[in-house]
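Peer 1: what would the 3D arrangement of this be:
(2 chains)
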Amino acid sequence: MIPAAFDYVRADSAEAAIGLVAEHGDEAKLLAGGMSLIPLMKLRLATPAVIVDIGRVRDLSYVRDAGDHLAIGALTRHRDLETSDVLARDCGVLRAVAAQVGDNQVRHRGTIGGSVAHGDPASDLPAALVALDATFVVRGPGGERTVAATDFFRGFLETALGPDELLCEIRVPKSGPNGYAYEKFNRRAQDWAIVGALAARVGGTTRVALVNMGPVPLRAAAVEEALAAGGSVPDAAALAAEGTEPPHDLNASPEYREHLARVLVRRALEAL
Amino acid sequence: MSILGTRVLRAEDARLLTTGGTFIDGLALPDALHVAFVRSPVAHARIESVDTTAARSRPGVVAVLTAGDVDLPPEPRSHRRVPDAMERPRIARDVVRFVGEVVAVVVAGSRAQAADAAEAVVVEYDPLPAVVDPEAARRDEVLLFPDAGTNVAFSMPSRAGDDFFAGCEVVVEQRIVNQRVAPCPLEVRAAAARWDGRRLTQWACTQNPHGTRAGLAAALGLDTGAVRVVTPDVGGGFGAKHGTYPEEVIVAWLARRLARPVRWVETRGESMCALGHGRAQVQVARLGGTRDGRLLAYRLEVLQDVGAYPSGATLLPYMTRMMASGVYDIPAVDVDVVDVVTNTTPVEAYRGAGRPEATAALERVVDRFAAEIGLDPAEVRRRNLVAPDRFPFTTPTKATYDSGAYEAALDRVLEAAGYPRLRAEQAARRDRGDTRQLGIGLSMYVEITNPGGEPEYGSVEVRADGTAVARTGTSAHGQGHDTAFAMIVSAATGIPFEAIEVRHGDTDDVPRGHGTGGSRSLQAGGSAISGAVDLLIERARERAAELLEANPGDVVIDPGRGVFHVAGTPALARSWAELARPGPLAAEYDFEPPGATFPFGAHLAVVEVDTETGRVELVRHVACDDAGTVLNPLLFDGQVHGGIAQGAAQALFEEFVYDADGNPRTANLADYAFPSAAELPSFERVPMETPTPLNPLGAKGVGEAGTIGATPAVHNAVVDALAHLGVRHVDMPCTPEHVWLALRSAAPPPARAGE
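Peer 2: Numbers count the residues shown, from 1 in each chain, chains lettered A, B, ... in the order given. Sure, this is the predicted structure:
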């Protein structure tokens, strides 16, 4: 449980972080809250030569009303999302999902940007951001670009983020204080979801997203279409496993996950 | 009023909760070298070569050693009938037999240097087929020790004839997997050692300092007088820290060979694979009786997976056999035992050590029997309990129970739980097809504590300032010995509780002892302290008589004031300080228990099972644990609460899993589902005290009771919740997926006539 030797540098701003990553190239790894990276390093499954610590880049920690949307700094900690008045008013779903991440200690350290950039399909927030059709603002040596959440997650722990880029901001629509339900199914309170089902009303549509039902966070497109076409909740929920590729692990077979997805989506929709 | 029986707060807590105590990891040991072990990443392989060249050249490395460099004898055999060929070398020599087995040892200037150099040791393995499943191991197709010719390490065959169940109108059978679990103490293993040219001082993270002294002395070829074992604070053991591990012996050997202090602290990942595991039995239980609920014959087949080397687990089935028939008066009882080796972590004692396995099998199959004859499970139990007027009661498997009041425990639990109301609520939910079904699970147990019947040492000494020191040969690792033993001394002497120091764990300070295990500390260690206090008071009375110029027979102690005086003249008294001033005032006593004690109890668990997802929630757990006279209800609660949590954890959460090649899949606490308070309800304890006649305190052991009672109560509750849907059994742990699979494969029972 002792990481391999590494060099440590701390960035004080987004620009400095991008510069340090450019300087060290592939050897470097960004450290935000460290809730995924540090355990991987302690198990020596990750052995970066240089750690660029961005945990203290204060100007990337905020939740702002940006007019037609909300802007969230990538280094905003889960605890700050969980207690944000701005989210309570304009995006209750994100606040509620943030409150379900890990445990208190994890939420005080982990950041929304770290969770997104890690790209773990078992994490709660990426699925919520996919449901919300969030936009990610990414900066690199060549400037800034935006990526849609649905395009961002490419595969298991694989994202559209380049090795020299920094995720800076997450933009979500204003979906109001209510109109969501998140069914997180796990064995212990602090565990990752075995399956999670999120239902949310955004604008005039009902969005359904699934946690841990494939290599990336998914939208349950068949369910959404059935609802849009006027289908009943039970009929729509029965389609929850369509288009998924659930993993097989100690907690669940793919078949069991498909069953859970149907039950949990139905319950989430019933609770809307 | 006596301090005995009151909720005295733990004397240990202020220190443990503020300064963190002193654990081996934090011991000040200037110049100590650090040890890291290179462990096998494969379950079964021939070691082709070990190349230490690169590791030796790493910064700070002092030594890199393999089996050929270390002249240590193999571990002593756990039983004389275990085949010689199954001996365990302290460092694997030619073959590795489980993931985590030590292959090489690195010593370096810092812990990080040792860890880095350990990674640089190159071991070439030639893989051998692995056998992980004990039922497969028993077929002897893959042998761990070809020279033994079998994987069977030990057996105790059945004595039953073909007519064993003759006369039974009903016989039920259930195969039960009592799954392998990892003990997960909060403090992982650690050891430190220093050799001063003449003597070894070993700091040990153990339950049993004197046993460790004997084990180290034997391994190193030293006289026990040349070994001092010191046990600082220990963060839990649960049975797995009772023996002496190869790593501890190697640390001692290194200190002597290198003439430098050395220290080793394992990682959690190492601990999950190299600290002994628990349970790991596959059982087939058959129970026969009459249609009106009288149990007549019980047969239990035990296949004990002992792991890669027959260690502590070899003898666990002895206990399972002894306690097989539990609280019931069953005329015919037969147990068949086979121990097999597998390519997995060796199994050791774990909280209950063979008794929980007995209770889990019996209580599960009693429920099946009740279901088969259509009688309430509480009623089947009641009809077969050993009656209170039959103690001492000797069972067919030769356990002699000292005292008990089993029906009273059952009654108290049923009443406290509101059993009829729970059954009514269950019926209502069944009627309306609720997706949250209620399950009510009962278990009753009797267990054996201080099973070896070992003696124990205690001493008390009063200092000239009137304070006292008590010494015990037991060894605390979380239980509260300091509090319990100080209470015993204070109650009898009147010396204030705060003025009594309790010492344990240093073999130079305490001459002998048998450590803490088998729930023995209060009944054996406490009784020894009590005996020493009695002697001390006799000596003090004689000294008081001299000072008071009175006949010793006329001098009495006033424990309320902590003084001695002549009967009838309390104003003229002598204090402990005055009595201790002329010279040492001390006594020691070795308590020889006349036999083991048998605590018992009844547990009732209430679960809600989500029939759509299979998720189980333990919503209530009512426990009546009778361990004789209670010294301190607060300590008692602590033991029972922890025990219930651990027992419920086996029923619902924990399992150490290997893949078919013997790779551990649950070697960290993210994958190994160790529950927290968030997953458990507030436990309801129902008091009951039936003293044992076998020691002056009337106390039996309570350390393991909660675990023993809880697992089958929770397990039975899960099955009970689903019984109306045709489920007859769910394999532990009752995970959501296991429950869902059981529901899917269950055939709904046919509707009975009239329903």
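Peer 1: tell me which element residue 171 is part of?
Peer 2: All of this refers to chain A. Element membership for A:Arg171, per DSSP states H and E: strand A:166-173.
Peer 1: let me rephrase: I mean chain B.
Peer 2: Secondary-structure assignment from DSSP H and E places B:Val171 in strand B:170-181.
Peer 1: over to B:Val284?
Peer 2: Remark: B:Val284 resides in strand B:278-289, with elements defined by DSSP H and E.
Peer 1: quick revisit: quickly check: the strand holding B:Val171 near chain A or not.
Peer 2: No - counting by C-beta under 8 Å from any C-beta of the partner chain, chain A has no neighbours in strand B:170-181; the shortest distance is 12.9 Å. C-beta coordinates here come from the backbone N, C-alpha and C atoms, glycine included.
Peer 1: still on that earlier bit, helices or strands up against the strand holding A:Arg171?
Peer 2: For strand A:166-173, the elements it packs on are helix A:14-24, strand A:69-73, helix A:112-118, strand A:135-140, judged by 3 or more C-beta pairs under 8 Å, 6 or more residues apart in numbering or on different chains; DSSP states H and E.
Peer 1: go again with 6 Å.
Peer 2: The helices and strands touching strand A:166-173, judged by 3 or more C-beta pairs under 6 Å, 6 or more residues apart in numbering or on different chains; DSSP states H and E, are helix A:14-24, strand A:69-73, strand A:135-140.
Peer 1: gap between the last one and the chain center?
Peer 2: Read it as strand A:135-140. Offset of strand A:135-140 from its chain centre (C-alpha atoms, centre = their mean, to the nearest Å): 15 Å.
Peer 1: skip ahead from that strand and say which helix or strand is next.
Peer 2: strand A:143-148.
Peer 1: that following strand - contacts with which helices or strands?
Peer 2: Secondary structure elements in contact with strand A:143-148, counted by 3+ C-beta pairs under 6 Å, 6+ apart, are strand A:135-140.
Peer 1: doesn't B:Trp203 make contact with B:Val230?
Peer 2: Yes - with contacts defined as C-beta atoms under 6 Å, B:Val230 counts as touching B:Trp203 at a distance of 5.1 Å.
Peer 1: now do the contacts for A:Val116.
Peer 2: The contact partners of A:Val116, taken as C-beta atoms under 6 Å, 6 or more residues apart in numbering or on different chains, are A:Pro126.
Peer 1: what does B:Leu634 give?
Peer 2: B:Arg7.
Peer 1: can you rerun that using 10 Å?
Peer 2: Applying C-beta atoms under 10 Å, 6 or more residues apart in numbering or on different chains, we find B:Leu634 in contact with B:6-10, B:480, B:483.
Peer 1: and if you look at B:Val657?
Peer 2: Remark: with contacts taken as C-beta under 10 Å, 6+ apart, B:Val657 is in contact with A:250, B:132, B:179-180, B:663-667, B:671-672.
Peer 1: following the chain onward from the strand holding A:Arg171, which element is next?
Peer 2: That would be, after strand A:166-173 and using DSSP H and E, strand A:180-185.
Peer 1: how about residue 118, nearest residue that isn't a chain neighbour?
Peer 2: Since you didn't name a chain, this refers to chain A. With C-beta to C-beta, 6 or more residues apart in numbering or on different chains as the criterion, A:His118 has its nearest non-adjacent residue at 4.7 Å, and that residue is A:Ser36.
Peer 1: not quite, go with chain B.
Peer 2: With C-beta to C-beta, 6+ apart, the residue lying closest to B:Ala118 is B:Ala36, at 4.2 Å.
Peer 1: element containing the one you found, please.
Peer 2: strand B:33-39.
Peer 1: what lines up beside that strand in the sheet?
Peer 2: strand B:102-108 (antiparallel), strand B:262-265 (parallel) (DSSP bridges).
Peer 1: ok, how many other residues are close to B:Pro584?
Peer 2: Using other C-beta atoms under 10 Å in any protein chain shown, the number of residues around B:Pro584 comes to 10.
Peer 1: need phi/psi at it.
Peer 2: In terms of degrees, to the nearest 10, the main-chain angles of B:Pro584 are phi -50, psi 140.
Peer 1: who's in contact with the residue in the stretch 151-272 of chain A positioned nearest to chain B?
Peer 2: Of all residues in the stretch 151-272 of chain A, A:Ala189 sits closest to chain B, with a separation of 3.9 Å (C-beta to the nearest C-beta). Listed by C-beta under 10 Å, 6+ apart, the contact set of A:Ala189 reads A:100, A:102-103, B:675-679.
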